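> What follows is a predicted protein model with its sequence.
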Amino acid sequence: MKGFIISSWDFSSGAAKQKHPEIQQVLAENWYHCQRDAAGLKDWLIGSQIPEAVVDSLLTDDTRPRFEKYSDDCFLMILRGINLNQGAEPDDMLSLRILWFKGALISTRKVPSRAVTNIINQLEQGNGPRSLPDLLQAMANSINGIISGFLAPVEDTLNDMDHNLTADPKEINAISSRLLRLRRYLKPQRYVLEDLIQADIKVLAGHKNHFKNCLDTIVRMNESIEFYIDQVNLYFANINQQQTERMNRNTYLFSVIAGIFLPASFFTGLLGVNIGGMPGIDNPLAFTLFCIGLVAIVAIEVIVLKRLRFI
């Protein structure tokens, strides 16, 4: 078995049949799912008469979702999906490259894709797509389904957040970061489907409406992500507003208290100097009268401030 071929299927009979691992050339009505970074893949693709520029686009490491039509029977799709592999972050999205070349379908991956694995499992059980156009549509739908499944608990968390302003800010920040990274790839993924539909590829003519439904799903998910990001921003805006109001209220309260005790502080400071001539030094009731006077001053200030609506 060639080390770069993960799975191979023949759809020429109207039903998927798993092929023998010894593959000599790319044949029409066949699907080849390959390991993108494996040795020998590039030489095999070029040896199958696929233009080197197309092969480079198929195997390049850093790329964004896009659609490129090279001829009536050759086009390239690059899609991004949720990374559900153990130890990986879901928002660290994986790349799935799909090349249609002269009736054959070649897909490449660097890390396992749950979307493709689910399709292979269905084919092994005798279910799943029965033609290459069905397979292409199934890949797009499977990717969308996994992304929708990822967004469902996010929506529940954000809905609970609306009724609970004591939610953990770290958790909300993590959700916001994931949504931003997800939006980065889902927005251009919408254009991939739009370009595919507008390309009017003859072999996919019977699946045009299905791809339109797939496009509608991507548009809906993009709109949901935008809404979730706005929800997060509104949540933090409400938190900041509450904190600002609390600080302003506390600052105002301390200012009023300082204003109330300012005259008392003045008199206590004035009478605290140890020099001759202080009134009441020889009167045993002087301290009591002085305290009563301070209480009266504070009471008058409170009354005045209330009438002026400062408190």
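All right, it came through fine.
> burial count for Leu186?
For Leu186, the neighbour count with other C-beta atoms under 10 Å is 21. Placement of C-beta: from N, CA and C, glycine included.
> Contact partners for it?
Arg80, Ile147, Ile218, Met221, Asn222, Ile225 (C-beta atoms under 8 Å, 6 or more residues apart in numbering).
> What residues of the strand or helix carrying the second one count as buried?
Yep, that's Ile147 we're talking about. According to DSSP states H and E, Ile147 maps onto helix 132-162. Of all the residues in helix 132-162, those buried under the rule 16 or more other C-beta atoms under 10 Å are 132-147, 150-151, 154, 158, 161.
> pLDDT score for the residue nearest the centre of the chain?
Centroid-nearest residue in the chain: Leu179, 1.4 Å away (criterion: C-alpha atoms, centre = their mean). pLDDT recorded at Leu179 is 88.
> Next: Ser148.
89.
> which residues touch it?
By C-beta under 8 Å, 6+ apart, the neighbours of Ser148 are Thr217, Met221.
> roughly how far apart are it and Ile229?
Here the distance between Ser148 and Ile229 works out to 17 Å (C-beta to C-beta, to the nearest Å).
> Please point out which parts of the helix or strand encompassing the residue nearest to the centre of the chain sit buried.
Per DSSP H and E: Leu179 is located in helix 169-198. Neighbour-count burial for helix 169-198 flags 172, 175-176, 178-179, 182-183, 185-186, 189-190, 192-194, 196-197 (criterion: 16+ other C-beta under 10 Å).
> Enumerate the beta-bridge partners assigned to the closest residue to Arg97 other than its chain neighbours.
Using C-beta to C-beta, 6 or more residues apart in numbering and skipping the chain neighbours, the partner closest in space to Arg97 is Thr108 (4.5 Å). Under the criterion DSSP bridges, Thr108 forms beta bridges with Cys34, Arg97.
> list the contacts for Thr108?
His33, Cys34, Gln35, Arg36, Leu41, Leu58, Leu59, Leu96, Arg97, Leu99.
> Tell me the one of those residues nearest Val298?
Closest to Val298 out of the contacts of Thr108 is Leu96 (75.3 Å), distances taken as C-beta to C-beta.
> Per-residue pLDDT of the closest one, please?
91.
> can you check His163 too?
66.
> What are the boundaries of the strands in the stretch 1-150 of the chain?
For the stretch 1-150 of the chain, applying DSSP state E, counting those that start in this stretch gives strands covering 5-10, 17-18, 30-35, 66-71, 74-81, 94-101, 104-109.
> gap between the residue nearest to the centre of the chain and Ile78?
In terms of C-beta to C-beta, Leu179 sits 22 Å off from Ile78.
> Please apply the same query to Phe290.
Phe290 is 86 Å from Ile78, by C-beta to C-beta.
> In terms of secondary structure, what does the helix or strand that the helix holding Leu179 is followed by contact?
Moving toward the C-terminus from helix 169-198, the next helix or strand (DSSP H and E) is helix 208-271. In terms of contacts (3 or more C-beta pairs under 8 Å, 6 or more residues apart in numbering; DSSP states H and E), helix 208-271 is packed against helix 132-162, helix 169-198, helix 286-307.
> Which one, of the ones you listed, ends up nearest to Ile50?
helix 132-162 (16.2 Å).
> Looks like Met73 contacts Phe101 (just checking).
Not Met; residue 73 is Asp. Yes. Here Asp73 reaches Phe101: they are 7.4 Å apart, a contact under C-beta atoms under 8 Å.
> For Asn127, grab phi and psi.
The phi/psi pair for Asn127 (degrees, to the nearest 10) reads phi -110, psi -170.
> And for it, the neighbour number?
11.
> Check Arg97 too.
Around Arg97 there are 20 residues (other C-beta under 10 Å).
> Export stretch 108-116 to PDB, keeping only CA atoms.
Only the C-alpha atoms of stretch 108-116 are listed here, as PDB (Å, rounded to 0.1, in the frame of the first residue of the first chain):
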ATOM      1  CA  THR A 108      -5.800  15.400   1.400                       C
ATOM      2  CA  ARG A 109      -5.500  16.000   5.200                       C
ATOM      3  CA  LYS A 110      -2.700  16.600   7.600                       C
ATOM      4  CA  VAL A 111      -4.600  15.600  10.800                       C
ATOM      5  CA  PRO A 112      -7.600  13.300  10.900                       C
ATOM      6  CA  SER A 113     -10.900  14.900  10.100                       C
ATOM      7  CA  ARG A 114     -14.000  13.600  11.900                       C
ATOM      8  CA  ALA A 115     -16.100  14.700   8.900                       C
ATOM      9  CA  VAL A 116     -14.200  12.400   6.500                       C
END
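> Fine, thanks again, bye for now.
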